[in-house]
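> need coordinates for the following:
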Amino acid sequence: MPPTPPWPPFVLLRNPVRAYAWGSTTAIPALTGSGPSATPQAELWMGAHPSAPSCLDRADGPHPLDRLIADDAEGLLGATTVERFGPTLPFLFKILAAERALSLQVHPTGEQARAGFAAEEAAGIPADAPHRTYRDPGHKPELICALGEFEALCGFRPAEGTARLLDELALPLLAPWAVALRHRPAEEVLPALLRHILDDVRLGPADLATVAEALRRVADGDGPYAEACAAYARTAAQYPGDPGLVAALLLNHIRLRAGQALYLAAGVPHAYLRGTGVELMANSDNVLRCGLTAKHVDVAGLLAVTVFRTGEPEILTAAPARDGIEERFPSPAAEFRLSRLRPTGTPARVDLPTPQILLCTVGRARLHAAADQGLDLRPGQAAYLRPFAGPVHLTGPDTELFRATTGD
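Take a look at the predicted model:
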């Protein structure tokens, strides 16, 4: 075991809130016990991302976590984590609260991200340029777990299902694609359709208004696509004139209940529509958008990284761990692992040989180590636990926490 660094076993994090237009004025404040905010609060970030790092309090005041890690990577991350991922916290933990749809997007693989980043660096594209696609050389797998009812679009719907939806809409501009999906491989039709929507053809306001009207008509019926079309129609009202609406029609509409999760691998198109959840991802900014946004849409880059596989997404639930209080969500990502903890009045040991963040979402939890080292966590509060911090124990009947750490 490495020598104990000059850090306490755990410390309360001060976490920044990101105010994006699609956020909610009530969801994050309700979780943290404050009143509604004047502007939308979209995400609460927990981690060491350089654009909005959490802060740790020390004797001389708060310090950004990314800078503290730069000064003492092994002390805060552990030698094994530094060896695996370099001197940086490899994951970013969030509370996400969406009142309107986020952009429809895809993330690249690690190989694609490294190649894309190198190409844009060589081309001299400034890191903050609006048309820049690759902000870093990392991939961005992510996992989101709903804290309540949560709506999303995820992955391409099976071809016959999309053809039937287009039949229900009964629009001449989309009818040929229903025929194509029934007679040609979806892997050929879907990229051609996206290129047609986003690049070859500029759908005008009248075209998109017609699509929105058809969506409302189907939503008002009692057919199998009424619920999905209600979500699409709501999205159309939020982003009038955005051709990405038609791309959204190709994706599975899903509802998550509290405790259900989605894992988003590279190449899978997705958009979160509304709801609150905890999100855990690799610490990257690489996103290729294909609609529902005013930001840059790189059509060629999008088509190059999208996986045109059809099928229904897997909805994940947590599996109980051996200790009785932890439930782990399955994930293949090396950078992160998400689990839910439901402690009791009996102290349970929670220290690990890896860095971790514990986020309280329900009740009041208490971390304690030595007699003089204790920390209470209320909903919306999070603590950073350094590796080899033990023994650290957790108590808290009728409490729920989420744990973010590195993958096995």
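
> distance from the chain centre to stretch 393-401, please.
Taking the mean C-alpha point of stretch 393-401 and that of its whole chain, the gap between them comes to 25 Å (C-alpha atoms, centre = their mean, to the nearest Å).

> for stretch 185-205, that is, sorry about that
On the basis of C-alpha atoms, centre = their mean, the separation between the geometric centre of stretch 185-205 and that of its chain is 26 Å.

> what's in contact with that stretch?
Contacts made with stretch 185-205 from outside it, assessed by C-beta atoms under 8 Å, 6 or more residues apart in numbering, are listed as 156, 159, 173, 177, 180-181, 240-241, 243-244, 246-247, 250, 290-291, 297, 299, 302-303, 306, 308-310. No exception for glycine: its C-beta is placed from N, CA and C like everyone else's.

> and with 7 Å instead?
Stretch 185-205 is contacted from outside by 156, 159, 177, 180-181, 241, 243, 246-247, 250, 290, 297, 299, 303, 308, 310, using C-beta atoms under 7 Å, 6 or more residues apart in numbering.

> looking at those, which are in strands?
Those of the contacts of stretch 185-205 mapping onto strands are 156, 290, per DSSP state E.

> which ones among the contacts of stretch 185-205 are found in helices?
Secondary structure defined by DSSP state H assigns 159, 177, 180-181, 246-247, 299, 303 of the contacts of stretch 185-205 to helices.

> show me which pair in these is furthest apart.
159 and 299 (21.8 Å; C-beta to C-beta).

> got the phi and psi for residue 228?
Residue 228 adopts backbone torsions of phi -60, psi -40, taken as degrees, to the nearest 10.

> how close does it get to residue 382?
Computed as C-beta to C-beta, to the nearest Å, the residue 228 to residue 382 distance reads 35 Å.

> please settle this for me: is residue 31 part of a helix?
Yes: Residue 31 forms part of a helix when assessed by DSSP: H, G, I helix; E, B strand; the rest coil.

> pLDDT at the residue lying closest to it once chain neighbours are set aside, what is it?
The shortest distance from residue 31 to any residue that is not its chain neighbour, by C-beta to C-beta, 6 or more residues apart in numbering, is 4.7 Å, and that residue is residue 380. Residue 380 is assigned a pLDDT of 97 by the prediction.

> returning to what we had before: export the ones in helices among the contacts of stretch 185-205 to a markdown table and tack on neighbour count?
Compiled in a markdown table, the ones in helices among the contacts of stretch 185-205 are given as follows (neighbours: other C-beta atoms under 10 Å):
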| residue | neighbour count |
| --- | --- |
| 159 | 22 |
| 177 | 22 |
| 180 | 19 |
| 181 | 25 |
| 246 | 26 |
| 247 | 23 |
| 299 | 15 |
| 303 | 19 |
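
> and those as a markdown table, adding distance to residue 88 and pLDDT?
Compiled in a markdown table, the ones in helices among the contacts of stretch 185-205 are given as follows (distance: C-beta to C-beta, whole Å; pLDDT from 0 to 100):
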| residue | distance to residue 88 | pLDDT |
| --- | --- | --- |
| 159 | 41 | 98 |
| 177 | 44 | 97 |
| 180 | 45 | 98 |
| 181 | 43 | 98 |
| 246 | 39 | 96 |
| 247 | 34 | 96 |
| 299 | 32 | 94 |
| 303 | 31 | 96 |
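
> out of the residues you listed, which is nearest to residue 80?
Lowest distance from residue 80 to the ones in helices among the contacts of stretch 185-205 (C-beta to C-beta) belongs to residue 303, with 38.4 Å.

> and the nearest residue to that closest one once chain neighbours are set aside, how many neighbours?
Closest residue to residue 303 apart from its sequence neighbours, by C-beta to C-beta, 6+ apart: residue 191 at 5.4 Å. Counted by other C-beta atoms under 10 Å, the residues lying close to residue 191 total 15.

> what's the helix or strand for residue 191?
Using DSSP states H and E, the element containing residue 191 is helix 186-195.

> next one: residue 113
helix 110-122.

> show me which residues of that helix are buried.
Residues of helix 110-122 classed as buried: 110, 112-114, 116-117, 120 (neighbour count, 16 or more other C-beta atoms under 10 Å).
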